[in-house]
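Visitor: below: sequence and its predicted model.
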Amino acid sequence: MLLAGDIGGTKTDLAIYSAEGGPRKPLAQAEFPSASYPSLEAMAKEFLAKVGLPVDRACFDVAGPVIVGRAKITNLPWVMDESTLSKELGLRSVHLMNDLEATALAVPILEPEDIVTLNVGDPAPGGTIGVVAPGTGLGEAYLTWDGSRYRAHASEGGHSDFAPNDQTQVELLRYLRERYGHVSNERVCSGIGIPNIYEFFRDTGFAKEEPGFAERLGTGADRTRVILDAALRADAPPPLCVATLETFVAILGAEAGNLALKVFATGGVYLGGGIPAHARPALGRPRFLEAFR
């Protein structure tokens, strides 16, 4: 019996699997707001107590680098250690892995219904596969063929330098350098980044903010979700939100193209994470693929 967890800066998904049930049929599953818990141990103990199922081992993917069995989540004040988790949860073993490594491992077993194809290609057999996943932060990984199966490799590519591709993005870089000093891709291509782009357009006078919109953004709600929902609405979407989404899509397309070049992704490039899923209509517009190409 395996306890599996996807540990994110915003939310954490926990589930229990058996060898007989397979990866698509968890025996129990629940979602938790990550920031509401002091540690992964506390969250996992609550989940296990509630479901009442015996568990032997655990595997958690985390939004950050894993080094010698230890991880600190990039956007959450948790420090996790395999030995400590195993002891606290009373398990035979605990394995920590990078969340994008886990996402990449899922690519070879995806079914047709799991995929939306944005650009039809002709994958080379055994070709390297790139994965770009904007969620709370920006994750990147890739898969290489070892002669018998694909092996996943984590990276911290989301923290590499943002490279603007037009004059608006040049001004965005200058704006964010004043705020952060170093401007990574994550600052403009993630759930963290979308409010940054919105504030750039607002503060530089691109358009007036809708009456009451600032209050909606400041009520403690998910600011990224509020901005995206407004940009995607059919009836008179706010110009600030539309410009934010279009710029985000262009930056994501360009970064997906950069990853394709860096790892020579002849096996394809896959988008994961919560943001592309939510903003999927915008990815079907020309600007994304133009930036990617």
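Guide: Arrived safely.
Visitor: going by C-alpha atoms from here, please, whenever you check contacts or count neighbours.
Guide: Fine.
Visitor: please enumerate the helices of the stretch 1-150 of the chain.
Guide: Applying DSSP state H, counting those that start in this stretch to the stretch 1-150 of the chain gives helices spanning 40-51, 82-89, 99-106.
Visitor: show me what the last one is packed up against.
Guide: Helix 99-106 is packed against strand 57-62, strand 129-134, strand 138-145, strand 150-154, with contacts defined by 3 or more CA pairs under 8 Å, 6 or more residues apart in numbering; DSSP states H and E.
Visitor: and with 6 Å instead?
Guide: If contacts are counted by 3 or more CA pairs under 6 Å, 6 or more residues apart in numbering; DSSP states H and E, helix 99-106 sits against strand 150-154.
Visitor: in the sheet, which strands lie alongside the strand it packs on, parallel or antiparallel?
Guide: Looking at strand 150-154 with DSSP bridges, its partner strands are strand 138-145 (antiparallel).
Visitor: and the contacts of the partner strand?
Guide: Residues outside strand 138-145 that contact it (CA atoms under 6 Å, 6 or more residues apart in numbering): 100, 126, 128-133, 150-155, 157-158, 186, 190.
Visitor: just the buried ones out of those, please.
Guide: Those of those that meet the buried threshold are 100, 126, 128-133, 150, 152-154, 157-158, 186, 190, by 16 or more other CA atoms under 10 Å.
Visitor: export the helices of the stretch 1-150 of the chain as a markdown table, with columns for distance to residue 19.
Guide: Output for the helices of the stretch 1-150 of the chain, formatted as a markdown table (distance: least, CA to CA, whole Å):
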| stretch | distance to residue 19 |
| --- | --- |
| helix 40-51 | 18 |
| helix 82-89 | 20 |
| helix 99-106 | 17 |
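Visitor: need the winner for burial among these.
Guide: Of the helices of the stretch 1-150 of the chain, the one with the most neighbours on average (mean count of other CA atoms under 10 Å) is helix 99-106, at a mean of 22.
Visitor: distance from the centroid: which residue in the chain tops it?
Guide: Going by CA atoms, centre = their mean, the residue of the chain most distant from its centre is residue 211, 31.2 Å out.
Visitor: where in this protein is pLDDT low?
Guide: By pLDDT under 70, the weakly predicted segments of the chain are 74-75, 220.
Visitor: centre-most residue in it?
Guide: Nearest to the mean C-alpha position of the chain, by CA atoms, centre = their mean, lies residue 135 at 3.0 Å.
Visitor: gap between residue 4 and residue 236?
Guide: Residue 4 sits 43 Å away from residue 236, going by CA to CA, to the nearest Å.
Visitor: pick out whichever of the two has more residues nearby.
Guide: When residue 4 and residue 236 are compared for neighbours, residue 4 comes out ahead with 21 against 10, by other CA atoms under 10 Å.
Visitor: tell me what that one is bridged to.
Guide: For residue 4, the beta-bridge partners are residue 15, residue 59 (DSSP bridges).
Visitor: now it: how far from residue 179?
Guide: As defined by CA to CA, residue 4 lies at a distance of 38 Å from residue 179.
Visitor: same question for residue 186.
Guide: Distance from residue 186 to residue 179, counting by CA to CA: 14 Å.
Visitor: and for residue 89?
Guide: Residue 89 sits 41 Å away from residue 179, taking CA to CA as the criterion.
Visitor: and residue 194, by the same measure?
Guide: Relative to residue 179, residue 194 is positioned 15 Å away (CA to CA).
Visitor: if you count surrounding residues, which of those two has more?
Guide: A direct count of neighbours by other CA under 10 Å for residue 194 and residue 179 places residue 194 higher, at 26 against 11.
Visitor: mind listing what the more buried one touches?
Guide: When contacts are counted by CA under 6 Å, 6+ apart, residue 194 is found next to residue 224.
Visitor: ok, longest helix in this structure?
Guide: Counting by DSSP state H, the longest helix found in the chain is helix 239-263.
Visitor: and the contacts of it?
Guide: For helix 239-263, the external contacting residues (CA under 6 Å, 6+ apart) are 197-198, 227, 231, 288, 291-292.
Visitor: which residues of the stretch 151-293 of the chain fall in helices?
Guide: Assigned by DSSP H, counting those that start in this stretch, the helices in the stretch 151-293 of the chain fall at 167-180, 193-203, 213-217, 223-232, 239-263, 274-278, 280-283, 286-292.
Visitor: what comes up buried for the shortest one?
Guide: Of the residues in helix 280-283, 282-283 count as buried by neighbour count, 16+ other CA under 10 Å.
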